[in-house]
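# Provided below for reference: sequence and predicted model.
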Amino acid sequence: GAVVSQHPSWVICKSGTSVKIECRSLDFQATTMFWYRQFPKQSLMLMATSNEGSKATYEQGVEKDKFLINHASLTLSTLTVTSAHPEDSSFYICSAIGTSGGNKQFFGPGTRLTVL
Amino acid sequence: DAKTTQPPSMDCAEGRAANLPCNHSTISGNEYVYWYRQIHSQGPQYIIHGLKNNETNEMASLIITEDRKSSTLILPHATLRDTAVYYCIVRVANNAGNMLTFGGGTRLMVKP
């Protein structure tokens, strides 16, 4: 099956710093990538949808200036959490849809962000 | 996308079949039923999907009622590694821009 990777798998940073998370589709080209956030014991919440070469579409309540998304190629999307604060600590998961495979979404393994 | 309803938790004995129900009474004619699972601290994993016919793959079977208002995911011989949260999602399959909307899911605990 299609593989989606994320880097880093976990990160600890100080409050006020910025953190970049990469999401890559390893063996297919992803026309669309999604970014989710998951707090402990809760379900996944969609943050934004990104299409290669265009601006991301953010869900209501998600600050686009705080969560910068760049989908520069068909295999890479990045999420940058700017000026991170402890309340941004969460599990961030990306997913990708390719041009084949019945439009199934394939998920990355997630990135655990802890902001001190 | 149609809303789904799942029991919050279920237990299953190792080696027995796990039957996970899902209600989706407002499903539209062009919406598929998808099942994903999430093992602790990992990303969701695709299991199976179907429109109206029953489906089977190497992981599970999906039984969809004739009126399509409910479905059941069957893990025929549950193992301890099947302990996870299972999400039932309905979605239009031919629209790549449609994201998956996750509900609460069912937390399946497989016990020895």
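Yep, it's here.
# first to last residue in stretch A:63-75, what's the distance?
24 Å (CA to CA, to the nearest Å).
# ok, the residue of chain A with the smallest separation from chain B - how many residues close by?
Residue nearest to chain B within chain A (CB to the nearest CB): residue A:107, separated by 3.6 Å. Backbone N, C-alpha and C define where each C-beta goes, glycine included. A count of nearby residues for residue A:107, using other CB atoms under 10 Å in any protein chain shown, gives 23.
# How about the secondary structure of the residue positioned nearest the centre of chain B?
By CA atoms, centre = their mean, the mean C-alpha position of chain B lies nearest to residue B:35, the distance being 3.3 Å. Assigned state for residue B:35: strand (three-state reduction, DSSP: H, G, I helix; E, B strand; the rest coil).
# who's in contact with the residue in chain B that chain A sits nearest to?
Here chain B gets closest to chain A at one residue, residue B:43, 3.6 Å apart by CB to the nearest CB. Applying CB atoms under 8 Å, 6 or more residues apart in numbering or on different chains, we find residue B:43 in contact with A:4, A:6, A:93, A:95, A:107-110.
# now do residue A:94
Taking CB under 8 Å, 6+ apart as the test, what residue A:94 contacts is A:4, A:6, A:21, A:23, A:33-36, A:77, A:79, A:107-108.
# next one: residue A:90
Counting by CB under 8 Å, 6+ apart, residue A:90 touches A:37-39, A:112-113.
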